[in-house]
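Novice: Predicted coordinates and the sequence they were generated for:
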Amino acid sequence: MRFENSKALEMRCFLFGSAMCVLLSADALAASPWQTQLWPAPSLRVGNTDGWYAKTRGRIEMDFVHIEDDQANHRAGIEDRRSRFGFVAGYGKHWSAITELDISGNDLVYTDVLVRYDNKENMYITFGNLEESFGVERVQSSADTLFNEAAAIETFTPKRNLGAQITRYGNRASFTAGLFTDSFESNANKDKIALTTRATYVAPIVGGKLHSGVAASWRKMDQVRFSARPDTALTNINVVSTGKLRDADSLRQLGLEAAYGWQNIMLSAEYMLNEVGRENTDNAQFYGWYTQAAWAITGEHYKYDVSKGAIFQALKPENAFNPQKGHWGALELAGRFQTISLNDVVVQGGALRAVTGGINWYPQAAWRVTGNATYTSSDAKAVTPYDNPITLALRVRLAF
């Protein structure tokens, strides 16, 4: 285990502190005479609901990570996992646009740069630099995932790319299809063109809701790489990795998903299979899956929304933190088991298994504090064979 460069840490702490100063200043404006035109909640908004509006959006996530029993020299310490700032604008009831930057690294990186038309009935169309609809954790905002980091099979999911995507939905079913090409951001998977689809269905079962879904993607590409780390993005050492497959010419992907929510309990699982078409040798197949469970011990219910990604939405506290009234926000316990294999006849990238326990505290809707403990084990083909790190991670998140 090693700690990150102190100068980089100082810069990240400076950015975090600066952002907090901006938010505190915005909070002070709430009592100003401008309140009729400016509403920090906690973002800033101008305009009117009948015509146009513009508001800020963003997120700050600070991670505190400690890693034990690792054979590889995984980095630990403090990092701003994400610092994103952007704007949302809209005109009328149907048109909106988002521009957002991530400043947590050494360079400014565009995340969402998109325009959306929503008929507010059963369809919306999005075009720009956006997330492809493949996999539950890819559809859901990374601010709302159950654990600090998405499951290892996230490496299989397409990242943000330039393209257009249409979604149709009804009371129980939804269907999304999109056509994409290269993205703004640096991408180890050199996409040239891709077609991605996802279909879902939800049914009432025993007082709860049972969600099922299938996603598929076909991609024409020049190269591809899959890898996974020990449940933290702080380390730059992968536990398993295929390396760059420079002779890849296509990628076929299949994803299966299922979830069940009943009052304050939620169960979910995903499976993904990827076949890499290669020019000079046999195709390679990789797979992975996870299953997880969550329990809101303060009693909040998990809500499902077909029109917003066809997923169970992140937990929201019924009573914001207020000790004087005996309110402590929402508290959630979670557990996950996952596995991923990057081993094939012609590629030996390693396999890992991991089990994670987590506790999430939501003092208010905008704030979340999460603690995760993960035990990871890898096989003889891993980047560091038989590396079994124990990762302890704490995250403080503010979304606005």
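Specialist: Perfect, thanks for sending it. Numbering: from 1, shown residues only.

Novice: Only C-alpha atoms from now on, for both contacts and neighbour counts.
Specialist: Noted.

Novice: ranges for the strands of the stretch 101-250 of the chain?
Specialist: Secondary structure of the stretch 101-250 of the chain by DSSP state E, counting those that start in this stretch: the strands cover 109-118, 123-130, 161-169, 173-181, 191-205, 208-221, 227-228, 240-241, 248-262.

Novice: list the contacts for N238?
Specialist: Contacts for N238 were tallied using Cα atoms under 8 Å, 6 or more residues apart in numbering; they are S227, A228, R229, P230, V383.

Novice: how about 7 Å then?
Specialist: S227, A228, R229, V383 (Cα atoms under 7 Å, 6 or more residues apart in numbering).

Novice: Which one of those is nearest to L331?
Specialist: L331 lies nearest to R229 out of the contacts of N238, by Cα to Cα, at 27.2 Å.

Novice: R45 and V224, how far apart?
Specialist: 41 Å (Cα to Cα, to the nearest Å).

Novice: no wait, H301
Specialist: The gap separating H301 from V224 is 40 Å, by Cα to Cα.

Novice: how about the strands of the stretch 101-250 of the chain in a markdown table, adding mean pLDDT?
Specialist: Listed next are the strands of the stretch 101-250 of the chain as a markdown table, based on pLDDT from 0 to 100:
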| stretch | mean pLDDT |
| --- | --- |
| strand 109-118 | 92 |
| strand 123-130 | 95 |
| strand 161-169 | 95 |
| strand 173-181 | 96 |
| strand 191-205 | 92 |
| strand 208-221 | 95 |
| strand 227-228 | 93 |
| strand 240-241 | 95 |
| strand 248-262 | 95 |
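
Novice: Highest mean neighbour count out of those strands?
Specialist: Mean neighbours per residue, mean count of other Cα atoms under 10 Å, is largest over these for strand 240-241, with a mean of 26.

Novice: Can you spell out which helices and strands pack onto that strand?
Specialist: Contact here means 3 or more Cα pairs under 7 Å, 6 or more residues apart in numbering; DSSP states H and E; on that basis strand 240-241 packs against strand 227-228, strand 348-362.

Novice: between the ones you listed, which gets the lowest average pLDDT?
Specialist: Note on the helices and strands packed on strand 240-241: strand 227-228 shows the lowest mean pLDDT, a mean of 93.

Novice: Which pLDDT does the model give the residue nearest the centre of the chain?
Specialist: Against the mean C-alpha coordinate of the chain, by Cα atoms, centre = their mean, the closest residue is S142 at 2.5 Å. Per-residue confidence (pLDDT) for S142: 86.

Novice: Give me the distance between the nearest residue in space to R252 that is not next to it in sequence and A177.
Specialist: Excluding the flanking residues, the one nearest R252 by Cα to Cα, 6 or more residues apart in numbering is W218, at 4.8 Å. According to Cα to Cα, W218 stands 12 Å off from A177.

Novice: State the helix or strand in which the closest residue to V115 other than its chain neighbours lies.
Specialist: Spatially, and ignoring its direct neighbours in sequence, V115 is nearest to A97 (4.3 Å; Cα to Cα, 6+ apart). Using DSSP states H and E, A97 sits in strand 95-102.

Novice: Give me the distance from that strand to the chain's centre.
Specialist: 17 Å (Cα atoms, centre = their mean, to the nearest Å).

Novice: Next: stretch 294-303.
Specialist: Relative to the chain's own centre, stretch 294-303 is displaced by 20 Å; criterion: Cα atoms, centre = their mean.
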